[in-house]
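Chemist: any chance you could fold what I've pasted below:
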Amino acid sequence: MTNQDTTPRWLYRFNNYKRAFFLLQEAVTSEKPLTQLEKEGCIQRFEYAFELAWKVMKDYLESEGLVISPLTPAHVIRTAFTARLLADGQVWMDALDARNKMSHVYDLATFEKVIADIRSSYLAAMEAAYMFFLEKAGAHDL
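Modeler: Alright, predicted model coming up:
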């Protein structure tokens, strides 16, 4: 971004989120059973897409004049839910918890549960966020 660039920061981050979301979608919608290595890649893609998602939310909310304090993923998610960016704040809080667990817990049962939760609810929530920001991005040219 240059000093004369008036493009909101969230649009740049959204482009990164878009790529991460589609990579995650590709990983979890595969019809063939995933190998252990592919499951690990799926978790990595989830973590990366989740990080970008909450940061896009933060940048968008700030561009709308909201001050977010403290600046934590949980507070950004709560603020985004209150501002009606998200339809289901609890699924995002669950995704945050899953992301945090995957950074510290390495047992196979937790790993398999997170992959199942990505498929059953987190991916849909991330797609809804993607669609929200895609609509908002339509008003801007990059």
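Chemist: tell me which residues of the helix or strand of the chain with the lowest mean pLDDT are tucked away?
Modeler: Sorted by mean pLDDT, DSSP states H and E, the helices and strands of the chain end with helix 108-117, the least confident at a mean of 91. Residues of helix 108-117 classed as buried by neighbour count (16 or more other Cβ atoms under 10 Å): 111, 114-115, 117. All C-beta spots, glycine's among them, are computed from the backbone N, C-alpha and C.
Chemist: nearest to Tyr48, of the residues you listed?
Modeler: When these are compared for distance to Tyr48 (Cβ to Cβ), Val114 wins out at 14.1 Å.
Chemist: for the closest one, which non-adjacent residue is spatially closest?
Modeler: Ala98 (4.7 Å; Cβ to Cβ, 6 or more residues apart in numbering).
Chemist: ok, Ala125 next?
Modeler: Excluding the flanking residues, the one nearest Ala125 by Cβ to Cβ, 6+ apart is Val91, at 4.7 Å.
Chemist: now do the one helix or strand the one you found maps to against helix 108-117, angle only.
Modeler: Assessed by DSSP states H and E, Val91 sits inside helix 89-104. Between helix 89-104 and helix 108-117, the angle comes out at 140 degrees (axes from the mean of the first three to the mean of the last three Cα atoms, to 10 degrees).
Chemist: and helix 89-104, what's its mean pLDDT?
Modeler: Averaged over helix 89-104, pLDDT sits at 94.
Chemist: list the buried ones in it?
Modeler: 89, 91-92, 94-96, 98-99, 102.
Chemist: and it, what does it pack against?
Modeler: helix 36-63, helix 73-82, helix 108-117, helix 123-137 (3 or more Cβ pairs under 8 Å, 6 or more residues apart in numbering; DSSP states H and E).
Chemist: so which residues make contact with it?
Modeler: 43, 46-47, 50-51, 54, 73-74, 77-78, 80-81, 86, 110-111, 114, 117-118, 121-122, 125-126 (Cβ atoms under 8 Å, 6 or more residues apart in numbering).
Chemist: can I get that helix in PDB? Just the C-alpha atoms.
Modeler: Extracted as PDB, the C-alpha positions of helix 89-104 are listed here (Å, rounded to 0.1, in the frame of the first residue of the first chain):
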ATOM      1  CA  GLY A  89     -20.600 -16.200  16.800                       C
ATOM      2  CA  GLN A  90     -20.400 -19.500  18.700                       C
ATOM      3  CA  VAL A  91     -19.100 -21.500  15.700                       C
ATOM      4  CA  TRP A  92     -16.300 -19.000  15.300                       C
ATOM      5  CA  MET A  93     -15.500 -19.200  19.000                       C
ATOM      6  CA  ASP A  94     -15.400 -23.000  18.700                       C
ATOM      7  CA  ALA A  95     -13.100 -22.600  15.600                       C
ATOM      8  CA  LEU A  96     -10.900 -20.300  17.700                       C
ATOM      9  CA  ASP A  97     -10.700 -23.000  20.400                       C
ATOM     10  CA  ALA A  98     -10.000 -25.700  17.900                       C
ATOM     11  CA  ARG A  99      -7.200 -23.600  16.300                       C
ATOM     12  CA  ASN A 100      -5.700 -23.000  19.800                       C
ATOM     13  CA  LYS A 101      -5.900 -26.700  20.600                       C
ATOM     14  CA  MET A 102      -4.100 -27.700  17.500                       C
ATOM     15  CA  SER A 103      -1.200 -25.500  18.500                       C
ATOM     16  CA  HIS A 104      -0.800 -27.300  21.800                       C
END
